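# Quick one: sequence plus predicted model below, questions after.
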Amino acid sequence: MAVIAEQIKKSLDAVQSWNSVYTSFLGMAFGKADASTLDAVIDAEAKAGRWVNVAKLKTEAEVIRYDSPTIQDAVKQMLTNMPMFNTTKLPKNGDDGRYWNWYYCVLNGYRWARELNYEIDKWGDPADGFRGLYSVRVKEPAVFYACNPDTGEVLRMFGGRWHQAAALMGNWMKFHEYRISDAEVALTNEQMNFIQTYWKTDHFIYAPQWQNYEVRNDMVFTECAKMAAMYPLLGDVIGYVTRDLSSRYTRYKWGSPQWGGYNVAVHHYPGNLERRMDGTMGAWSILHMYYKLMSDADKANMKEMLLGSKETGRAADLLLTSDLFDSSTQRFRFRSGDSPSDLATCFGCVTLFLMGIVPDSASLAVPIRALGVEMYPIEFFDPTHFGFNYDARRIKVPVYAGKMLFQFGDKPAEARFQFDGIYQVQFSNDWNNVLSVQKVADLNALYLTTPKKPTTVEALASSFVVMLTAFPIWGLSKQLIRHVKR
């Protein structure tokens, strides 16, 4: 049985470069990079003219509340050089001259222009950008992953994939941050379209033309968590998600469909059993995020999968005996059949860290990072919330109060947390005992907790809005919906 802490160290030591868009961010939680590393990476991306990556790095820097003259200069270059469409103040964030939905971190450019007092006229009013994207959406019968508002052209696959519905919801939430009232109407419509189009009995399908399980649920369900935390009257999307997670991952333990018979996440079930490291990391981040809302049976199954039993293999051991791990190099593969890579190895280390934590009455308070940086969210594993220091035998974790187990050594160690918060946990030299827990910060981000139940009046109003939004998005009366919601 693998000693998880030892394996994380070996794999971290096998990463060849911490100076890339993703490894620099994850490396800070693992003590392999620091905030200044972002300066070198964002400067290199700016010099290469990769403006979306500049926006990604700036967004990640904001997660850890870091800024610098180098970052500001790179952002100014992005604001100047990222092209706009002719008919709308919406940035072209794709190399193909289109707007790609899942890179909506570029919409922060409206705010950055004002904060830096730079290129304000070019970026203009974000409401104009919203109208440009929404004007395409209302004309389309299905979701798309890229579009050109100048021509009305869209790109979609299989009748519209579910993670593109999630990306559009993320766009509407981002525009709503700019106090654009119609963005909440768009979000309400999109959520209802998502539930009606993609829900099938006990799980969400991949696409209308490909009705199976698909690996990018971490992106979709992070967006759903953000909606639940910010817009509690938008309907029971969390109820659908928890039912999906049970069907997808925990009801039949390793026999559940998204594991595909391989004990790691597969790309599509049953259509494409390619194993995915990003999907495996995403699975465990989402299972921890939603743990508090699971049924007792699903909680018990999740704990058994993490701890292992005579009937059920232990998650960490199964990952390390899968074809996503290369024991000769101690590195991970992004996909089965790939060569090992730094990106996959970082994902593998995050996954092992999550597999070393067994919730009970306490659980991880995974921060919701729906930021539009990529299809696979990594920003939840940020150094303000998580940390791993092998030499000091210490980790950092955000928790909801109670009891949980850690299995970084060769046997589980119990820890109790009196209050919700971010804690440093000190272990013995063999990682088999918890020596101390010390609260170092309050929970200070957006988290998924049990939603407040609405009053009867609120519930009726919400139900009426849901009834209205059940019609196709292109036929809604926005004025009527706004009146009802008032």
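Yes, it's here. For clarity, every value in this text was computed on a predicted model and none was experimentally measured.
# how about G337, secondary structure?
Secondary structure, DSSP: H, G, I helix; E, B strand; the rest coil: G337 is coil.
# That one: what's it in contact with?
Counting by Cβ atoms under 8 Å, 6 or more residues apart in numbering, G337 touches E274, D323. All C-beta spots, glycine's among them, are computed from the backbone N, C-alpha and C.
# Kindly report the same for R416.
A362, G402, K403, V437.
# Out of the residues you listed, which end up buried?
A362, V437 (16 or more other Cβ atoms under 10 Å).
# Point to the helix or strand of this structure where mean pLDDT is at its lowest.
Between all helices and strands in the chain, the lowest mean by mean pLDDT, DSSP states H and E belongs to helix 478-485, at a mean of 28.
# what's around G129, how many residues?
Residues near G129, counting by other Cβ atoms under 10 Å, number 28.
# picking that back up, what two of the contacts of R416 are the furthest from one another?
For those, the farthest-apart pair by Cβ to Cβ is G402 and V437; their separation is 11.9 Å.
# what touches both of those two?
R416, F417.
# Just send the contacts of R416 back as CSV, with distance to P149 too.
Formatted as CSV, the contacts of R416 follow (distance: Cβ to Cβ, whole Å):
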residue, distance to P149
A362, 47
G402, 49
K403, 53
V437, 52
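# among the contacts of R416, which are in strands?
Residues of the contacts of R416 located in strands (DSSP state E): G402, K403, V437.
# quick check, nearest of the residues you listed to D73?
Nearest to D73 among the ones in strands among the contacts of R416: V437, at 41.5 Å, using Cβ to Cβ.
# Hmm, that closest one is touching F417, no?
Yes. Look at V437 against F417 with Cβ atoms under 8 Å: they come within range, at 6.1 Å.
# shared neighbours, those two?
Shared contacts of V437 and F417 (Cβ under 8 Å, 6+ apart): Y423.
# Please enumerate the strands of the stretch 151-300 of the chain.
Taking DSSP state E, counting those that start in this stretch as the test, the strands found in the stretch 151-300 of the chain are 153-155, 199-200, 203-204, 213-214, 266-269, 272-275.
# residues making contact with the fourth one?
Okay, so that is strand 213-214. Here strand 213-214 makes contact (Cβ under 8 Å, 6+ apart) with 161-163, 203, 205-207, 248, 257-258, 267-269.
# now swap in the fifth one and tell me
The contact list for strand 266-269, computed with Cβ under 8 Å, 6+ apart, reads 206, 210, 212-215, 257-260, 272-276, 279, 335.
# out of those, which are buried?
Using 16+ other Cβ under 10 Å as the burial test, the contacts of strand 266-269 include 206, 210, 212-215, 257-260, 274-276, 279, 335 as buried.
# Out of those residues, which comes closest to L293?
Q258 (18.3 Å).
# dump the residue contacts of the closest one.
Contact partners of Q258, counting by Cβ under 8 Å, 6+ apart, are Y213, V215, N217, R248, Y249, A265, V266, Y269, G279, A283.
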